[in-house]
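# give me the fold of what follows.
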Amino acid sequence: MKLRDKFVAVADVNPVLAAKSSPASVDFRIGQYNDIAEATERVLLDGVAVGIAGGAWPTEYAREVEERFLASDRVADRADGVPGREIGATQFGKRAAAYACKSAGVQAELDRILGGYNGLYRNQIRTIANRLQLRGYRLRPAIVDGEAITPVRLVNWTDTAQDKYVLRPHDDFAQTRFDPAFEVSEIQLVAALNIYPRSVRTAGQLAVSTWRPDDSDRESRGITETGYPYSDADFEAHPRVIVPLDSGDAVAARTQHVHCVLRGDGNVANRLLVNTFFGIRGKEILMWA
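Residues are numbered from 1 along each chain as shown. Take a look at the predicted model:
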């Protein structure tokens, strides 16, 4: 089955959907799961490309997180040039020491917004850790100079451009190689967990391609250390799925595949997401943002 521009409804996902688009692609499976932990486990360990957990956050908790984010004095413009606001540090384009410094500065605020040790987000991360341990993997935050990175950030879109993308096509593997001294440079697979305290199905949709580029693909495009951006022609040359997400939904995805965020009907201003990256390194799974 070809996936070109296939619209994947969260409530009606085929868990065995597969396609091959080119010699550079791999089997591409989409699944819907009961919770964030199962979706993340399946994506990391069982070959699923996109795992969706509808209603992963109840309305009350999602609204609490959103209200704390909007009221925080630590909200800043995104540091990577993409239109939007955020609280948190991203590894993209940073050496490990710079990333660690910024991460440390926002750790307490992120923990407060997400409800601390007993908040739902941290409970879900512990559940993920327990599931992965049963499979023989140890989950932990990435470490820089003996200190753990805060493996989460919150992003609020503020895009007003007329481009069809809110975030242009890219992959998340290349950026892990930006600093060879950082332990995430040794991962073999990268996945992202995105949770949406506020989202609408008609805008800001995640679109994931079946195409997983390699180093030569990135080198020929001059994006070896960033994986950003791929051209419209690149993205549209391969089958892809479009995943609409409501408030409270979550999605885990293998983001070595080229993916983007679509503008849709343009109603993206209040879309808020919580982002954590996972990477497999031997029998450990690292987390960062």
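
# so which residue is smack in the middle of the protein?
Nearest to the geometric centre of the chain sits residue 192, at 3.2 Å (C-alpha atoms, centre = their mean).

# pLDDT score for it?
Per-residue confidence at residue 192 stands at 98 (pLDDT).

# helix or strand for it, which one?
Using DSSP states H and E, residue 192 sits within strand 189-198.

# and that strand, how far from the chain's centre?
Per C-alpha atoms, centre = their mean, to the nearest Å, the displacement of strand 189-198 from the mean C-alpha position of its chain is 4 Å.

# repeat that for stretch 97-104.
20 Å.

# which parts of that stretch are buried?
For stretch 97-104, the neighbour count (16 or more other C-beta atoms under 10 Å) marks 99, 100, 102, 103 as buried. (Each C-beta comes from the backbone N, C-alpha and C, glycine too.)

# which two of the residues you listed have the greatest separation?
Across these, the longest distance by C-beta to C-beta is 7.5 Å; it joins 100 and 102.

# residue 85 against residue 155, yeah?
Yes: taking contacts as C-beta atoms under 8 Å, residue 85 lies within contact range of residue 155: 7.4 Å.

# okay, those two: which has more neighbours?
Legend: neighbour count by other C-beta atoms under 10 Å for residue 85 and residue 155, higher for residue 155 (22 against 16).

# ramachandran coordinates for the more buried one?
Dihedral pair for residue 155: phi -130, psi 130, per degrees, to the nearest 10.

# can you list the low-confidence ranges for the stretch 1-150 of the chain?
Scanning the stretch 1-150 of the chain with the threshold set as pLDDT under 70 gives 1-26.

# in it, which spans are strands?
6-7, 30-32, 50-53, 76-77, 84-87, 138-141, 143-144, 147-148 (DSSP state E, counting those that start in this stretch).

# pull up the pairing partners for the fourth one, direction included.
It refers to strand 76-77. Note on strand 76-77: by DSSP bridges, its sheet partners are strand 84-87 (antiparallel).

# can you show me the helices along this protein?
Ranges of helices within the chain are 36-45, 59-71, 96-114, 120-134, 215-221, 232-236, based on DSSP state H.

# quick one, the fourth one and helix 36-45 angle?
Read it as helix 120-134. Angle of helix 120-134 versus helix 36-45, following axes from the mean of the first three to the mean of the last three C-alpha atoms, to 10 degrees, is 50 degrees.

# what comes up buried for helix 120-134?
For helix 120-134, a neighbour-count test (16+ other C-beta under 10 Å) marks 120, 121, 124, 125, 127, 128, 129, 131, 132 as buried.

# helices and strands around it, which ones?
Applying 3 or more C-beta pairs under 8 Å, 6 or more residues apart in numbering; DSSP states H and E, one finds that helix 120-134 makes contact with helix 36-45, helix 96-114, strand 138-141.

# any chance you could list what contacts the longest one?
The set of residues external to helix 96-114 that reach it, using C-beta atoms under 8 Å, 6 or more residues apart in numbering, is 65, 68-69, 72, 74, 87-91, 94, 119-122, 144-145, 147, 149-150, 152-154, 179, 181-182, 274, 289.

# any idea how far it is from the middle of the chain?
Distance, centroid of helix 96-114 to centroid of chain: 18 Å (C-alpha atoms, centre = their mean).

# could you dump that helix to CSV, C-alpha only?
Extracted C-alpha coordinates of helix 96-114, given in CSV (Å, rounded to 0.1, in the frame of the first residue of the first chain):
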residue,chain,number,x,y,z
ALA,A,96,27.6,19.4,24.9
ALA,A,97,28.8,21.9,27.5
ALA,A,98,26.7,24.8,26.2
TYR,A,99,23.7,22.5,26.0
ALA,A,100,24.2,21.3,29.6
CYS,A,101,24.6,24.8,30.9
LYS,A,102,21.3,26.0,29.4
SER,A,103,19.6,22.8,30.4
ALA,A,104,20.6,23.2,34.0
GLY,A,105,19.1,26.8,34.0
VAL,A,106,15.6,25.6,33.2
GLN,A,107,15.4,22.3,35.0
ALA,A,108,13.6,23.6,38.1
GLU,A,109,11.0,25.5,36.0
LEU,A,110,10.3,22.6,33.7
ASP,A,111,9.8,20.3,36.7
ARG,A,112,7.4,22.8,38.3
ILE,A,113,5.4,23.1,35.1
LEU,A,114,5.1,19.3,34.7
